[in-house]
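[1] sequence below, structure please.
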Amino acid sequence: MLRYIATIIVFAAATLISPAISATQKVTFYTETYPPFQAIDAQGDFVGFAIDILQATQAYLNFDIDIQMQPWSRAYRNAKKHPNTFIFSIGRTDKRLAYFKWVSDFYTVQDAIYKRTTRTDINILSTKDVHNYSLALSRDDVSFDRLNIDPNHTNVYIVGNQATAVKMLNFGRIDLNYNNQIGFREAVQALGINQDEFTPAYIISQMSLGLATHKDTNSELYNQMLQAFDTIKQNGEFDHIVAKWFPESIDTSINLGVETNTNKISRKWAAK
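    Here you go, the predicted structure:
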(Lines give C-alpha, C1' and ligand atoms only; values in the text may rest on other atoms or scores of the structure.)
Protein backbone atom coordinates (compact mmCIF):
# COMPACT_ATOMS: atom_id res chain seq x y z
CA MET A 1 0.00 0.00 0.00
CA LEU A 2 1.09 3.53 -0.65
CA ARG A 3 0.48 6.02 2.09
CA TYR A 4 1.03 9.75 2.31
CA ILE A 5 3.18 11.22 5.06
CA ALA A 6 1.83 14.52 6.34
CA THR A 7 4.14 17.29 7.49
CA ILE A 8 3.04 20.13 9.72
CA ILE A 9 -0.77 20.28 9.60
CA VAL A 10 -1.49 21.55 6.10
CA PHE A 11 0.99 20.17 3.63
CA ALA A 12 2.59 16.86 2.84
CA ALA A 13 5.12 15.91 0.21
CA ALA A 14 4.87 12.89 -2.02
CA THR A 15 6.99 10.52 -4.03
CA LEU A 16 6.44 7.23 -5.77
CA ILE A 17 9.75 5.41 -5.59
CA SER A 18 10.60 2.49 -7.82
CA PRO A 19 12.30 -0.39 -5.97
CA ALA A 20 14.59 -0.79 -8.97
CA ILE A 21 16.19 2.63 -8.68
CA SER A 22 17.44 4.96 -5.99
CA ALA A 23 15.63 8.18 -5.20
CA THR A 24 17.03 10.69 -7.67
CA GLN A 25 15.13 13.25 -9.68
CA LYS A 26 11.51 13.91 -8.76
CA VAL A 27 9.09 14.95 -11.48
CA THR A 28 5.83 16.64 -10.55
CA PHE A 29 2.54 15.12 -11.69
CA TYR A 30 -0.38 17.47 -11.02
CA THR A 31 -3.88 16.18 -10.47
CA GLU A 32 -7.12 16.69 -8.56
CA THR A 33 -9.32 14.45 -6.45
CA TYR A 34 -11.70 12.89 -8.96
CA PRO A 35 -12.76 9.33 -8.13
CA PRO A 36 -12.64 6.69 -9.43
CA PHE A 37 -9.68 7.98 -11.43
CA GLN A 38 -7.67 9.40 -8.53
CA ALA A 39 -8.39 10.06 -4.86
CA ILE A 40 -7.07 9.61 -1.32
CA ASP A 41 -8.85 7.03 0.83
CA ALA A 42 -9.63 7.09 4.56
CA GLN A 43 -6.26 5.51 5.34
CA GLY A 44 -4.40 8.22 3.44
CA ASP A 45 -3.52 6.02 0.49
CA PHE A 46 -3.57 7.14 -3.10
CA VAL A 47 -6.20 5.08 -4.89
CA GLY A 48 -7.84 5.04 -8.29
CA PHE A 49 -7.58 3.83 -11.84
CA ALA A 50 -5.06 6.48 -12.94
CA ILE A 51 -3.03 5.92 -9.77
CA ASP A 52 -2.66 2.22 -10.62
CA ILE A 53 -1.62 3.13 -14.16
CA LEU A 54 1.12 5.46 -12.93
CA GLN A 55 2.28 2.91 -10.38
CA ALA A 56 2.74 0.44 -13.21
CA THR A 57 4.82 2.90 -15.26
CA GLN A 58 7.07 3.80 -12.32
CA ALA A 59 9.00 0.54 -12.61
CA TYR A 60 10.21 1.63 -16.06
CA LEU A 61 11.27 5.18 -15.19
CA ASN A 62 14.58 6.54 -13.86
CA PHE A 63 12.84 9.37 -12.01
CA ASP A 64 10.36 9.44 -9.15
CA ILE A 65 6.73 10.38 -9.74
CA ASP A 66 5.86 13.21 -7.35
CA ILE A 67 2.07 13.56 -7.08
CA GLN A 68 0.68 17.01 -6.25
CA MET A 69 -3.06 16.82 -5.61
CA GLN A 70 -4.66 20.27 -5.88
CA PRO A 71 -7.95 21.87 -6.90
CA TRP A 72 -8.26 21.33 -10.64
CA SER A 73 -7.82 24.98 -11.62
CA ARG A 74 -4.55 25.23 -9.71
CA ALA A 75 -3.29 21.90 -11.01
CA TYR A 76 -4.13 22.86 -14.58
CA ARG A 77 -2.51 26.28 -14.39
CA ASN A 78 0.63 24.94 -12.72
CA ALA A 79 1.02 22.25 -15.37
CA LYS A 80 0.41 24.83 -18.09
CA LYS A 81 3.06 27.12 -16.59
CA HIS A 82 5.90 24.75 -15.68
CA PRO A 83 7.87 22.68 -18.23
CA ASN A 84 8.95 19.16 -17.23
CA THR A 85 5.73 18.53 -15.31
CA PHE A 86 2.76 16.31 -16.12
CA ILE A 87 -0.99 16.45 -15.50
CA PHE A 88 -3.68 13.75 -15.21
CA SER A 89 -6.48 12.72 -15.69
CA ILE A 90 -6.95 15.44 -18.27
CA GLY A 91 -9.48 15.52 -21.09
CA ARG A 92 -8.00 15.77 -24.55
CA THR A 93 -9.18 18.71 -26.68
CA ASP A 94 -7.66 20.59 -29.61
CA LYS A 95 -7.44 23.75 -27.52
CA ARG A 96 -5.45 22.03 -24.78
CA LEU A 97 -3.05 20.50 -27.28
CA ALA A 98 -1.84 24.03 -27.96
CA TYR A 99 -0.38 24.05 -24.43
CA PHE A 100 0.39 20.39 -23.76
CA LYS A 101 1.99 17.38 -25.42
CA TRP A 102 -0.16 14.28 -25.12
CA VAL A 103 1.50 11.24 -23.54
CA SER A 104 -1.18 8.57 -23.46
CA ASP A 105 -4.88 7.93 -23.14
CA PHE A 106 -6.09 6.31 -19.92
CA TYR A 107 -9.73 5.75 -20.76
CA THR A 108 -12.47 7.01 -23.08
CA VAL A 109 -15.50 8.45 -21.31
CA GLN A 110 -18.96 9.46 -22.45
CA ASP A 111 -19.74 13.06 -21.55
CA ALA A 112 -23.30 14.20 -20.95
CA ILE A 113 -25.42 17.05 -19.65
CA TYR A 114 -27.39 15.90 -16.59
CA LYS A 115 -30.62 17.26 -15.15
CA ARG A 116 -32.97 16.25 -12.37
CA THR A 117 -35.43 13.67 -13.68
CA THR A 118 -38.35 15.82 -12.56
CA ARG A 119 -37.23 18.69 -14.80
CA THR A 120 -39.33 17.69 -17.79
CA ASP A 121 -39.37 21.35 -18.84
CA ILE A 122 -35.71 21.19 -19.86
CA ASN A 123 -35.31 20.35 -23.53
CA ILE A 124 -31.84 20.38 -25.07
CA LEU A 125 -31.25 19.64 -28.74
CA SER A 126 -27.71 21.02 -29.05
CA THR A 127 -24.88 22.30 -26.87
CA LYS A 128 -25.99 25.83 -27.73
CA ASP A 129 -29.27 25.17 -25.88
CA VAL A 130 -27.27 24.51 -22.71
CA HIS A 131 -26.45 28.23 -22.56
CA ASN A 132 -30.10 28.92 -21.72
CA TYR A 133 -29.90 27.09 -18.40
CA SER A 134 -27.86 27.51 -15.23
CA LEU A 135 -24.99 25.13 -14.60
CA ALA A 136 -21.99 24.82 -12.28
CA LEU A 137 -18.57 24.24 -13.84
CA SER A 138 -15.12 23.83 -12.33
CA ARG A 139 -12.69 26.59 -13.27
CA ASP A 140 -10.50 25.60 -16.25
CA ASP A 141 -12.60 22.47 -16.76
CA VAL A 142 -12.81 20.86 -20.19
CA SER A 143 -16.54 21.63 -20.22
CA PHE A 144 -15.88 25.24 -21.24
CA ASP A 145 -14.22 24.03 -24.43
CA ARG A 146 -16.78 21.38 -25.21
CA LEU A 147 -19.79 23.61 -24.57
CA ASN A 148 -18.15 26.65 -26.15
CA ILE A 149 -19.29 28.74 -23.22
CA ASP A 150 -17.54 31.66 -21.53
CA PRO A 151 -16.73 31.35 -17.80
CA ASN A 152 -18.28 34.79 -17.35
CA HIS A 153 -21.61 33.75 -18.85
CA THR A 154 -24.48 34.83 -16.58
CA ASN A 155 -25.75 31.24 -16.29
CA VAL A 156 -22.40 29.77 -15.23
CA TYR A 157 -21.51 29.24 -11.56
CA ILE A 158 -17.81 28.55 -10.97
CA VAL A 159 -17.22 25.83 -8.35
CA GLY A 160 -14.20 24.04 -6.97
CA ASN A 161 -15.07 20.51 -8.05
CA GLN A 162 -17.68 18.21 -9.52
CA ALA A 163 -18.95 17.07 -6.12
CA THR A 164 -20.07 20.63 -5.39
CA ALA A 165 -21.75 20.87 -8.79
CA VAL A 166 -23.69 17.64 -8.20
CA LYS A 167 -24.81 18.88 -4.78
CA MET A 168 -26.09 22.09 -6.36
CA LEU A 169 -27.96 20.09 -8.99
CA ASN A 170 -29.50 17.88 -6.32
CA PHE A 171 -30.75 20.87 -4.32
CA GLY A 172 -32.14 22.58 -7.41
CA ARG A 173 -29.70 25.49 -7.27
CA ILE A 174 -28.69 24.87 -10.88
CA ASP A 175 -30.47 23.32 -13.85
CA LEU A 176 -27.68 21.22 -15.35
CA ASN A 177 -24.40 19.45 -14.65
CA TYR A 178 -21.73 18.60 -17.22
CA ASN A 179 -19.90 15.38 -16.41
CA ASN A 180 -18.90 12.01 -17.80
CA GLN A 181 -20.88 8.91 -16.99
CA ILE A 182 -18.26 7.44 -14.67
CA GLY A 183 -17.47 10.59 -12.70
CA PHE A 184 -21.15 11.51 -12.36
CA ARG A 185 -22.13 8.06 -11.13
CA GLU A 186 -19.29 8.07 -8.60
CA ALA A 187 -20.20 11.55 -7.29
CA VAL A 188 -23.87 10.64 -6.90
CA GLN A 189 -23.03 7.44 -5.02
CA ALA A 190 -20.55 9.22 -2.75
CA LEU A 191 -23.22 11.76 -1.80
CA GLY A 192 -25.73 9.01 -1.05
CA ILE A 193 -28.18 10.22 -3.68
CA ASN A 194 -30.46 7.93 -5.66
CA GLN A 195 -29.17 7.66 -9.22
CA ASP A 196 -32.76 7.71 -10.50
CA GLU A 197 -33.04 11.33 -9.38
CA PHE A 198 -31.04 12.32 -12.45
CA THR A 199 -31.11 11.68 -16.17
CA PRO A 200 -29.05 12.86 -19.15
CA ALA A 201 -30.65 15.79 -20.93
CA TYR A 202 -28.14 15.65 -23.77
CA ILE A 203 -25.30 13.33 -24.74
CA ILE A 204 -21.95 14.84 -25.75
CA SER A 205 -19.41 12.97 -27.87
CA GLN A 206 -16.89 10.71 -26.19
CA MET A 207 -13.59 12.10 -24.89
CA SER A 208 -10.20 10.65 -24.00
CA LEU A 209 -8.84 11.11 -20.49
CA GLY A 210 -5.14 10.66 -20.02
CA LEU A 211 -1.71 12.04 -19.23
CA ALA A 212 -0.21 15.18 -20.78
CA THR A 213 2.89 17.28 -20.23
CA HIS A 214 3.93 20.88 -20.80
CA LYS A 215 4.65 21.59 -24.47
CA ASP A 216 8.24 22.57 -23.60
CA THR A 217 9.02 19.48 -21.52
CA ASN A 218 12.41 18.11 -22.55
CA SER A 219 12.29 15.30 -25.07
CA GLU A 220 14.20 12.81 -22.91
CA LEU A 221 11.64 13.06 -20.12
CA TYR A 222 8.72 12.95 -22.53
CA ASN A 223 10.08 9.95 -24.46
CA GLN A 224 10.80 8.06 -21.27
CA MET A 225 7.16 8.44 -20.22
CA LEU A 226 5.99 7.38 -23.69
CA GLN A 227 8.16 4.27 -23.54
CA ALA A 228 6.87 3.37 -20.08
CA PHE A 229 3.30 3.49 -21.38
CA ASP A 230 4.25 1.46 -24.44
CA THR A 231 5.74 -1.16 -22.14
CA ILE A 232 2.73 -1.58 -19.86
CA LYS A 233 0.41 -1.71 -22.87
CA GLN A 234 2.51 -4.36 -24.58
CA ASN A 235 3.06 -6.56 -21.52
CA GLY A 236 -0.62 -6.58 -20.50
CA GLU A 237 -0.36 -4.53 -17.30
CA PHE A 238 -2.48 -1.72 -18.74
CA ASP A 239 -5.31 -4.03 -19.83
CA HIS A 240 -5.25 -5.75 -16.44
CA ILE A 241 -5.75 -2.43 -14.65
CA VAL A 242 -8.57 -1.43 -17.01
CA ALA A 243 -10.32 -4.75 -16.33
CA LYS A 244 -9.89 -4.26 -12.58
CA TRP A 245 -11.55 -0.85 -12.51
CA PHE A 246 -13.95 -1.11 -15.44
CA PRO A 247 -14.84 -4.80 -15.81
CA GLU A 248 -17.83 -4.13 -18.02
CA SER A 249 -18.04 -1.80 -20.98
CA ILE A 250 -20.72 0.83 -20.49
CA ASP A 251 -23.62 0.84 -22.93
CA THR A 252 -24.46 4.52 -22.83
CA SER A 253 -27.89 4.05 -24.35
CA ILE A 254 -28.87 1.94 -21.33
CA ASN A 255 -26.76 2.95 -18.35
CA LEU A 256 -26.98 6.66 -19.06
CA GLY A 257 -30.72 6.53 -19.58
CA VAL A 258 -30.35 8.35 -22.88
CA GLU A 259 -33.48 10.09 -24.03
CA THR A 260 -34.30 9.17 -27.61
CA ASN A 261 -34.40 12.87 -28.58
CA THR A 262 -31.96 13.91 -26.59
CA ASN A 263 -6.36 24.91 -0.42
CA LYS A 264 -3.42 23.04 -2.11
CA ILE A 265 -2.82 19.54 -0.79
CA SER A 266 0.30 17.52 -1.46
CA ARG A 267 0.89 13.89 -0.61
CA LYS A 268 3.91 11.63 -0.57
CA TRP A 269 4.03 8.23 -2.17
CA ALA A 270 6.57 5.66 -1.09
CA ALA A 271 6.89 2.15 -2.47
CA LYS A 272 6.57 -0.53 0.16
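
[2] just give the closest residue to Asn123, not the sequence neighbours.
    Asp129 (7.5 Å; CB to CB, 6 or more residues apart in numbering). Any C-beta I mention is one placed from the backbone N, CA and C, and that applies to glycine too.

[3] am I right that the one you found is in contact with Lys115?
    No - with contact defined as CB atoms under 8 Å, Asp129 does not count as touching Lys115 (11.8 Å).

[4] quick check: the closest residue to Asn170 other than its chain neighbours vs Val166, distance?
    Using CB to CB, 6+ apart and skipping the chain neighbours, the partner closest in space to Asn170 is Ile193 (5.6 Å). Ile193 sits 8 Å away from Val166 when distances are taken as CB to CB, to the nearest Å.

[5] which of those two has more neighbours?
    Val166 (25 against 15; other CB atoms under 10 Å).

[6] I'd say the more buried one and Glu186 touch.
    No - counting by CB under 8 Å, Val166 does not reach Glu186; the two are 9.7 Å apart.

[7] the residue nearest to Asn170 and Arg173, how far apart?
    14 Å.

[8] what comes into contact with stretch 116-133?
    Contacts with stretch 116-133, where a contact means CB atoms under 8 Å, 6 or more residues apart in numbering, come from 113, 115, 146-149, 153, 155, 169-170, 172, 175-176, 178, 196-199, 201-202, 204, 261-262.

[9] which stretches of this structure have low pLDDT?
    Residue ranges of the chain with pLDDT under 70: 1-23, 249-272.

[10] care to break it down by domain?
    5-107+209-255, 109-206 (automatic domain parsing).

[11] list the buried ones in the lengthiest helix in the chain?
    Ranked by residue count under DSSP state H, the longest helix found in the chain is helix 219-234. For helix 219-234, a neighbour-count test (16 or more other CB atoms under 10 Å) marks Leu221, Tyr222, Gln224, Met225, Leu226, Ala228, Phe229, Ile232 as buried.

[12] what about the residue sitting nearest the centre point of the chain, distance to Thr108?
    The chain has Ser89 as the residue nearest its centroid, 3.9 Å off, counting by CA atoms, centre = their mean. Going from Ser89 to Thr108 by CB to CB gives 12 Å.

[13] quick check: neighbours shared by the two?
    Counting by CB under 8 Å, 6+ apart, the shared contacts of Ser89 and Thr108 are Leu209.

[14] sorry, back to before: which SSE is the residue nearest to Asn123 in?
    Taking DSSP states H and E as the definition, one finds Asp129 inside helix 127-130.

[15] in this structure, what residue spans correspond to helices?
    Under DSSP H, the chain gives helices at 49-58, 72-81, 127-130, 143-147, 162-170, 181-190, 219-234, 237-245, 252-255.

[16] any chance of the ones you listed in CSV, plus distance to Arg119?
    Converted to CSV, those look like this (distance: least, CB to CB, whole Å):
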stretch, distance to Arg119
helix 49-58, 31
helix 72-81, 27
helix 127-130, 13
helix 143-147, 18
helix 162-170, 10
helix 181-190, 16
helix 219-234, 42
helix 237-245, 31
helix 252-255, 20
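
[17] ok, Ile193 to Arg74 distance?
    Distance from Ile193 to Arg74, by CB to CB: 27 Å.

[18] with Ser134 instead?
    Going from Ser134 to Arg74 by CB to CB gives 25 Å.
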